[in-house]
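> I would like the atomic coordinates for the input below:
(one chain, ligands or ions: 2)
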Amino acid sequence: MQDKNAAERKTVQTVTSAQMRAIEAAAMEAGTVTGLQLMERAGEGVVQAVLAQWPHLDHAAEALVLCGPGNNGGDGFVVARLLRARGWKVTVCAKGWEALFPPDDVAREPAARSGGDAWTNARRWRDLGGRCLPLESLPDRARDVPERLLVVDALLGIGQTRPADDLLRPFWTAWGRWSESESGTEIRRVSVDVPTGCDCDTGEPLGQRPFEPDLVVTFHAEKPVHARLRAGGVRIVVADIGLPA
Ligand SMILES: NC(=O)C1=CN([C@@H]2O[C@H](COP(=O)(O)OP(=O)(O)OC[C@H]3O[C@@H](n4cnc5c(N)ncnc54)[C@H](OP(=O)(O)O)[C@@H]3O)[C@@H](O)[C@H]2O)[C@@H](O)CC1
Ligand SMILES: [K+]
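Ligands and ions are numbered 1, 2, ... in the order given. This next block holds a predicted model:
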């Protein structure tokens, strides 16, 4: 008789975005964890999974972190800070963070805006001297792209609700130019939680061309989209962020 627990362990738990939010809310409500702790652990989980998948990147890669306007973007600012602390050269390109990073990048007192965990992490990134460029400022010439590059898709996660083409266009435009380069640039792509441009509950694309990751790091449990991604050859890692089962 096969060990029931082993069978359970083998089956991957899958939750919907609503179930995920309920689990997070209950844990925060119970005071066992804060949103900021969850976000920090999410960022740590992404960095650990990247280093496990591509250990050689840790000594010679640069990171381009694409941060969106919500908590998925907040995870991105955590990843940026953690990689920078490991000595990586990190550039953040973001949408929605102009209040903290005015286009002229001169730190002005940001307009008062509700705080939130993502805001806290964006400000931490700014306060340690991290730069944040508008998403449209992606390097667009092949020669600007380093030999080894990690692209972190922290644009949208389980909160995406509509086509993401506008948000992704600057990336795909730059990607097209980078791919023209004959240099042997190694570019690895990781999505935080869910690839931008994917509905995490149906797995359906949201828009014409979702982000195409080599690796997706999700949190606590898979969402329905992850089985479809894995079937398509994408590596899926589930990072434990300390939420109760
Ligand atoms: N405690 C937690 O919650 C934890 C959360 N974690 C992380 O947070 C992520 C969920 O964060 P989130 O709920 O802020 O949603 P997210 O996916 O960042 O979207 C942001 C906003 O974007 C907007 N938007 C939607 N579609 C759009 C589009 N096509 N183009 C442009 N904008 C669009 C939409 O706002 P709207 O414009 O509809 O008002 C939406 O609210 C989750 O995936 C995980 O990575 C982890 O840290 C663990 C702890
Ligand atoms: K993402």
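> Return stretch 186-200 as CSV; C-alpha atoms alone will do.
Only the C-alpha atoms of stretch 186-200 are listed here, as CSV (Å, rounded to 0.1, in the frame of the first residue of the first chain):
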residue,chain,number,x,y,z
GLU,A,186,23.3,34.6,-22.6
ILE,A,187,19.9,36.0,-21.5
ARG,A,188,17.9,34.1,-18.9
ARG,A,189,14.3,35.1,-18.1
VAL,A,190,12.5,34.5,-14.8
SER,A,191,8.9,35.4,-14.0
VAL,A,192,7.9,36.3,-10.4
ASP,A,193,4.9,34.3,-9.4
VAL,A,194,3.1,34.4,-12.8
PRO,A,195,4.4,35.4,-16.3
THR,A,196,3.0,38.9,-17.1
GLY,A,197,0.3,38.5,-19.7
CYS,A,198,-1.1,35.2,-18.2
ASP,A,199,-4.3,34.7,-16.3
CYS,A,200,-3.1,32.6,-13.4
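> List the residues that contact A122.
Taking C-beta atoms under 8 Å, 6 or more residues apart in numbering as the criterion, A122 is in contact with 67, 73-74, 77, 94, 97, 100-101, 132. (C-beta placed from N, C-alpha, C; glycine too.)
> How about V151?
Counted by C-beta under 8 Å, 6+ apart, V151 has contacts 63-64, 66, 171, 187-190.
> Next step: those residues restricted to strands.
In this view, the contacts of V151 that belong to strands under DSSP state E are 63-64, 66, 187-190.
> The contacts of A122: which two are farthest apart?
Distance extremes for these: the farthest pair is G74 and F101 at 14.2 Å, using C-beta to C-beta.
> that older thread, let me know the closest of the ones in strands among the contacts of V151 to L128.
A63 (14.9 Å).
> Pretty sure the closest one sits against V90.
Yes - the criterion here is C-beta atoms under 8 Å, and A63 meets it with V90 at 4.7 Å.
> shared neighbours of those two, anything?
Common contact partners of A63 and V90 (C-beta under 8 Å, 6+ apart): 80, 83.
> For the protein, what lies in contact range of ligand 2?
72, 153, 157, 191-192, 196 (C-beta under 5 Å from the ion).
> picking that back up, give me the subset of the contacts of A122 that also touch ligand 1.
G73 (C-beta under 6 Å from any ligand atom).
> In strands only, show me the contacts of A122.
Using DSSP E, the subset of the contacts of A122 located in strands is 67, 94, 132.
> Look up the residues forming beta bridges with the second one.
I take that to be A94. C67, P134 (DSSP bridges).
> I'd like to know how far the residue nearest to P210 when sequence neighbours are not counted sits from ligand 1.
Nearest residue to P210, sequence neighbours excluded (C-beta to C-beta, 6 or more residues apart in numbering): G197, at 2.9 Å. Separation of G197 from ligand 1 (C-beta to the nearest ligand atom, to the nearest Å): 8 Å.
> Numbering from 24 from now on, please.
New numbering, starting at 24: the last item is G220.
> can you count the residues close to G220?
By other C-beta atoms under 10 Å, the residues close to G220 number 23.
> Now do the helices in the chain.
Secondary structure of the chain (DSSP state H): helices located at 27-33, 40-52, 58-76, 94-108, 139-150, 188-203, 247-254.
> Pick the most buried one from these.
With neighbours defined as mean count of other C-beta atoms under 10 Å, those peak in mean count at helix 94-108, which reaches a mean of 25.
> and the angle for it with strand 85-90?
160 degrees (axes from the mean of the first three to the mean of the last three C-alpha atoms, to 10 degrees).
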